[in-house]
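Student: kindly generate the corresponding structure for this input.
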Amino acid sequence: MPERISRDLSRRAAEVAVRVAELLETLCSEEAGGESVAFLRDWAAGAAQRAAAAPGARPPADTPLDRLVHRFGLGSLETDLVLFAGLPDEHEGLARTFRTMNPGGAPHPSVGLAGLLTDCAARTAARGGVRAQAPDRVALRRLLHEGPAVRAGVLALTGDGPFHERSLTLADGLWEALHGHPAWPAALEEADPGPPVAGLDGWLELPETVRAVAALRSRAPRILLVGARDETVGLSRCAALARAAGLGLLAARTSPEDPRAMGLLGLHAAVRDAVPLLVVAAPAGGAAGPVTPAVARIPGPLLVCAAPGTVRPGPHRPVLAVPVGPIGTADRRTAWRAALPEAPEHAPELAARHPLDPALTAQVALDVHSRAALAPGAQEDGGGPDVSGAIRARAGALLPPGVDLVAPLARWPRLVLGGEADGQLRDAVARLRHQALVLDDWRLREAARAARGVRLLLTGPPGTGKSLAAEVLATEAGRDLLVVDGSELVSKYIGETEKNLAACFEVAERTQAVFLLDEADALFAARTEVSEANDRFANMETAYLLQRLDRFDGLAVLTTNLRQNIDAAFIRRMDFVVEFPLPDEAGRYRMWELHLPRALLHADVDLAGLAQHYPVPGGWIRNAAIGAAFRAADDGGAVRQGHLVDAMRREYGKAARPFPGEPAGPAGAGADRRAARALDPAYDFPAPANGRRTQKESS
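Tutor: Model (predicted):
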């Protein structure tokens with residue numbers, strides 16, 4: 001089909017070339033114009049012969065030139081002018097011929113030559129008795145100043161000489177596009193919407209989406225604004241709209257406020273029978289305001305893919321806003337089944353664990369298949385595809401400063417926490433796991449107006465395991481952990497803190513990672529009465545964070561050592577507020593065992609005595625265990641009781657607290673207690689000096 005289109009265009013251009021040859025025969029002597037006339041006639045005859053001899057010699061029913069004429073309402077004279085201006089791009093000999101006839105030496109036909117052709121056509125029509133219908137120079141001048149082809153940018157006059165000495169040219173890349181080739185002018189940067197994705201059936205049935213598809217089919221001038229913070233998602237939605245309307249899509253990045261560039265977008269979309277799609281990037285640094293696209297040269301609907309707040313439509317065209325969501329659980333499952341057809345049984349679990357947009361699901365699937373091809377058999381625990389690793393790899397290059405995306409490893413046994421706190425953490429993971437079932441399948445989202453996402457506030461003294469708990473939650477939920485450094489987010493410049501946090505939330509939503517914000521009281525402090533400008537801006541930051549936390553549909557974990565400093569509105573929005581107390585003696589003993597493998601311990605180590613004598617948080621125990629191990633390595637032997645006591649003395653010194661001394665007990669007591677515990681798992685600790693029995697070890 002493209003070859004037939006190209007040969008048909010050459011045939012129609014050849015007819016104009018014959019008219020130029022006839023004109024030269026009339027105006028020039030054989031010596032002056034004989035060579036040019038002979039070349040024009042030979043080339044035209046060859047083009048007509050090739051078109052006639054081509055398979056399926058009948059002209060195509062709908063060519064790019066036909067679309068151009070129909071879409072912009074071009075008359076016969078303007079159509080001939082388009083073919084006339086395109087001749088130099090048909091053959092290098094034609095460009096050389098026009099160069100010899102152009103007063104400025106340009107390889108394009110001049111306006112004067114077009115006028116001579118018009119005069120010739122008028123005389124021919126007059127001899128045939130149809131003078132009233134023949135175009136003349138007055139009509140030519142009007143068309144070249146205000147005709148549809150000039151207004152649309154199809155034709156342009158170049159050069160600085162008098163009107164008739166100026167050159168007649170076509171829009172950049174138009175002649176190749178009329179040949180059926182995907183030519184791109186320099187002012188347009190191609191944007192790839194990607195292949196169609198599954199999982200958008202429910203979205204296409206929304207009233208706003210149905211209205212947008214009808215708007216595209218109508219071909220009436222409109223702006224359809226698809227606002228998406230993620231360009232990949234926005235492009236995917238635009239592709240789905242065009243496909244539903246039965247139309248092609250021409251997506252490009254260009255200057256929205258440049259009429260010429262926007263005209264090229266509409267022009268190239270018209271000849272390809274496609275919908276023009278303008279992709280507007282967010283302004284660098286966020287300093288520039290919204291832009292207003294110059295749409296005067298675009299004859300029909302225009303799709304605009306832009307982040308919210310970056311585009312302000314003008315007043316002269318109707319605007320239709322197209323939301324990018326919501327995407328239901330059933331569609332997410334469909335997207336995962338289509339993206340990973342080799343593992344359809346994992347689709348429900350993946351949709352619950354990684355509720356990505358279908359466009360992002362397709363991207364992740366590409367990475368999963370690539371990784372599987374490079375390392376066959378490499379899978380996640382449980383035999384599923386390595387989706388988490390693919391998500392982590394894509395997100396790594398997009399992380400803002402102060403944000404780390406890590407693969408968590410800690411599981412429940414590493415977390416020494418019993419009672420109500422342990423139960424709340426397990427309930428939080430269960431809520432995230434069954435979110436799709438309860439909210440969507442059981443319809444509690446509508447019935448009880450339940451919000452998506454899980455929000456936890458972990459409070460307690462330093463070193464009690466709040467950060468470790470966040471890692472455990474991420475591991476048990478099967479997600480990565482997004483660790484946010486609050487000190488990197490806070491800025492003295494107005495609005496910068498909110499912008500930095502917004503970037504963090506966007507990464508968390510894109511990766512579906514557990515969002516961990518340590519020391520949250522620095523950002524979520526209680527609002528105060530406004531007594532100076534700083535108070536007002538601090539309150540604005542808090543209000544923004546409240547709203548952003550409400551919209552987050554993943555697992556957000558906030559930690560603080562000072563619960564009393566947290567704004568009450570944040571406390572109300574938390575699904576779980578988990579208190580982390582200092583560990584009891586049984587908990588401390590368990591921590592000593594977790595951090596010090598038995599194979600490293602000397603027989604004189606008394607872990608039970610250490611747990612009883614030093615009532616410290618788990619962070620101190622971890623530091624002391626590591627410090628003692630390095631001391632033992634330097635001494636060339638196992639970890640001894642003295643190493644542990646010295647390490648604990650340093651922990652007390654760091655905290656400026658009085659050191660309680662060494663624990664009492666005979667040498668070898670640690671080995672005796674370990675042996676007793678091995679024989680009897682219910683072995684309890686000896687009563688402390690005050691006679692109070694301690695709790696048994698918690699799992």
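
Student: between the two ends of stretch 302-321, how far is it?
Tutor: Its start and end residues considered, stretch 302-321 measures 12 Å (C-alpha to C-alpha, to the nearest Å).

Student: which positions within that stretch qualify as buried?
Tutor: With burial defined by 16 or more other C-beta atoms under 10 Å, the residues of stretch 302-321 counted as buried are 302, 303, 304, 305, 306, 307, 310, 311, 313, 317, 320. Heads up, the C-betas are built off the backbone N, CA and C, glycines and all.

Student: ok, of the residues you listed, which one's closest to residue 571?
Tutor: residue 307 (32.2 Å; C-beta to C-beta).

Student: contact partners for that closest one?
Tutor: Residue 307 is in contact with 227, 228, 229, 231, 280, 282, counting by C-beta atoms under 8 Å, 6 or more residues apart in numbering.

Student: among those, which ones are buried?
Tutor: Using 16+ other C-beta under 10 Å, the buried members of the contacts of residue 307 are 227, 228, 229, 231, 280.

Student: one step back: and the buried residues of stretch 302-321, which of them are in strands?
Tutor: 302, 303, 304, 305, 306, 320 (DSSP state E).

Student: for the second one, name its beta-bridge partners.
Tutor: The bridge-partner assignment for residue 303, based on DSSP bridges, gives residue 224, residue 277.

Student: list the buried residues for stretch 476-491?
Tutor: Under 16+ other C-beta under 10 Å, the buried positions of stretch 476-491 are 476, 477, 478, 479, 480, 481, 482, 483, 484, 486, 489.

Student: among these, which one sits closest to residue 142?
Tutor: The closest of those, once distances to residue 142 are taken by C-beta to C-beta, is residue 489, at 62.1 Å.

Student: returning to what we had before: among the buried residues of stretch 476-491, which one has the lowest pLDDT?
Tutor: Lowest pLDDT of these: residue 486, 69.

Student: possible to save the buried residues of stretch 476-491 as CSV with secondary structure and distance to residue 432?
Tutor: Converted to CSV, those look like this (DSSP: H, G, I helix; E, B strand; the rest coil; distance: C-beta to C-beta, whole Å):
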residue, secondary structure, distance to residue 432
476, helix, 9
477, helix, 5
478, coil, 9
479, coil, 8
480, coil, 14
481, strand, 14
482, strand, 15
483, strand, 18
484, strand, 19
486, helix, 23
489, helix, 24
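
Student: could I get those as TSV with distance to residue 565?
Tutor: Below are the buried residues of stretch 476-491 laid out as TSV (distance: C-beta to C-beta, whole Å):
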residue	distance to residue 565
476	29
477	28
478	33
479	29
480	29
481	25
482	23
483	21
484	18
486	13
489	17
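
Student: hey, where'd the strands end up in the chain?
Tutor: Using DSSP E, strands in the chain cover 155-158, 167-170, 189-190, 223-227, 248-253, 274-280, 302-306, 319-322, 403-406, 454-459, 481-484, 514-517, 555-560, 576-579.

Student: which of those strands has the lowest mean pLDDT?
Tutor: Looking at the strands of the chain, the bottom one is strand 403-406 with a mean of 85.

Student: what are the pairing partners of it, and which direction each?
Tutor: strand 481-484 (antiparallel).

Student: how about the helices in the stretch 1-150 of the chain?
Tutor: Assigned by DSSP state H, counting those that start in this stretch, the stretch 1-150 of the chain shows helices spanning 2-27, 30-53, 64-72, 76-86, 92-101, 111-127, 137-146, 148-151.

Student: between the ones in strands among the buried residues of stretch 302-321, which is closest to residue 276?
Tutor: Closest approach to residue 276 among those (C-beta to C-beta): residue 302, at 5.5 Å.

Student: can I get the buried ones among the contacts of residue 307 in TSV with distance to residue 48?
Tutor: Output for those, formatted as TSV (distance: C-beta to C-beta, whole Å):
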residue	distance to residue 48
227	52
228	50
229	55
231	47
280	46
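
Student: rewinding a little: point out the one among the helices of the stretch 1-150 of the chain that comes closest to residue 164.
Tutor: Nearest of the helices of the stretch 1-150 of the chain (C-beta to C-beta): helix 111-127, 3.7 Å.

Student: any idea of the mean pLDDT for the closest one?
Tutor: Rounded mean pLDDT across helix 111-127 is 78.

Student: same thing with stretch 588-603?
Tutor: Stretch 588-603 shows a mean pLDDT of 93 in the predicted model.

Student: would you mark the buried spots in it?
Tutor: For stretch 588-603, by 16+ other C-beta under 10 Å, it's 588, 589, 590, 591, 592, 593, 594, 595, 596, 601, 602.

Student: ok, the closest residue to residue 358 other than its chain neighbours to residue 43 distance?
Tutor: Sequence neighbours aside, residue 199 is the residue nearest to residue 358 in space, at 3.4 Å (criterion: C-beta to C-beta, 6 or more residues apart in numbering). Going from residue 199 to residue 43 by C-beta to C-beta, to the nearest Å gives 54 Å.

Student: quick one: which of those two has more around it?
Tutor: Between residue 199 and residue 43, counted using other C-beta atoms under 10 Å, the more crowded position is residue 199 (27 against 22).

Student: who are the contact partners of that one?
Tutor: Residue 199 neighbours (C-beta under 8 Å, 6+ apart): 327, 331, 332, 334, 335, 336, 338, 358, 361.

Student: and the two most separated of those?
Tutor: 327 and 338 (13.6 Å).

Student: mean neighbour count, the helices of the stretch 1-150 of the chain: which tops it?
Tutor: The highest mean neighbour count among those, using mean count of other C-beta atoms under 10 Å, belongs to helix 76-86: a mean of 22.

Student: still on that earlier bit, nearest to residue 11, of the strands of the chain?
Tutor: Nearest of those to residue 11, taken as C-beta to C-beta: strand 167-170 at 18.1 Å.

Student: that closest one packs against which elements?
Tutor: helix 76-86, helix 111-127, strand 155-158 (3 or more C-beta pairs under 8 Å, 6 or more residues apart in numbering; DSSP states H and E).

Student: for the nearest residue to residue 16 once chain neighbours are set aside, which residues are in contact?
Tutor: The shortest distance from residue 16 to any non-neighbouring residue, by C-beta to C-beta, 6+ apart, is to residue 83 (4.6 Å). Contact partners of residue 83, counting by C-beta under 8 Å, 6+ apart, are 12, 13, 15, 16.
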